[in-house]
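1. What would the 3D arrangement of this be:
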Amino acid sequence: ILEDFVAWHHTRSGMFIVRSAYHAEFHHQFGSNWNRSAGAGNSHQCESWRRVWGLKLPGKVKHFVWKVMRGVLPCLGTLAGRHNPMMPQCPHCRIGYEDSQHCLFTCDRALDIWKELGLKEEVRKTVLEDRSGAITMDSLMRRDDLLGEIPLAEIVAVASWYIWWQRRRLIKGESIRPPN
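-> Down below sits the predicted model:
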């Protein structure tokens, strides 16, 4: 007769490993839409990544979107949270904590650009779904809509890159043009 024992169903052996708890929590928060590596050189690519890398855009824009979706965009709030001595406020509005969500989707400057593109309400609806800029970007990139003849994902990618590019110019003390 076998005795009952506690088994951890997130590993093959049934033994608890901290790494598996991190993976389980990540999967719980972000779902299966994210790229997870199953070992050296064995990466399972998901629909979100295929869509990003398949965009008909310059590599620098696709790389930028990848950074946003991986949560590694060096916003001031993110850098301050990593113990870099800086103010985490948005360099444009000076009122918001600058993370990728604020910088690209909720800052007044970003909203002006989304408004000029006719996407302000779409962005606002998507922002209400989650607080994370990575999730917002992923949700917008998964849309199959067309704006005219251009896929929405491409417009979102280029507009987000442009917002980031102007933000970088502002930080360097250079002038930026109004969005209209």
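2. what residue is smack in the middle of this structure?
-> Residue closest to the average C-alpha location in the chain (C-alpha atoms, centre = their mean): A134, at 2.1 Å.
3. dump the residue contacts of that one.
-> F30, V68, M69, R70, G71, S100 (C-beta atoms under 8 Å, 6 or more residues apart in numbering). For every residue, glycine as well, the C-beta is placed using N, CA and C.
4. same deal with M141?
-> Listed by C-beta under 8 Å, 6+ apart, the contact set of M141 reads S48, R51, V52, V65, M69, A153, V156, A157.
5. next one: V61
-> V61 makes contacts with L55, A157, V158, W161, as judged by C-beta under 8 Å, 6+ apart.
6. of these, closest to R82?
-> W161 (23.0 Å; C-beta to C-beta).
7. Burial check on that closest one, number of neighbours?
-> Using other C-beta atoms under 10 Å as the criterion, W161 is surrounded by 20 other residues.
8. which stretch of helix or strand covers it?
-> Assigned by DSSP states H and E, W161 falls within helix 152-171.
9. Show me what counts as buried in that helix.
-> Within helix 152-171, the residues scored as buried using 16 or more other C-beta atoms under 10 Å are 152-164, 166-167.
10. for stretch 67-79, same thing?
-> Quick answer for stretch 67-79 (16+ other C-beta under 10 Å): K67, V68, M69, L73, C75, L76, G77, T78.
11. just stretch 124-139 next, same as before
-> T126, V127, S132, G133, A134, I135, T136, M137, D138, S139.
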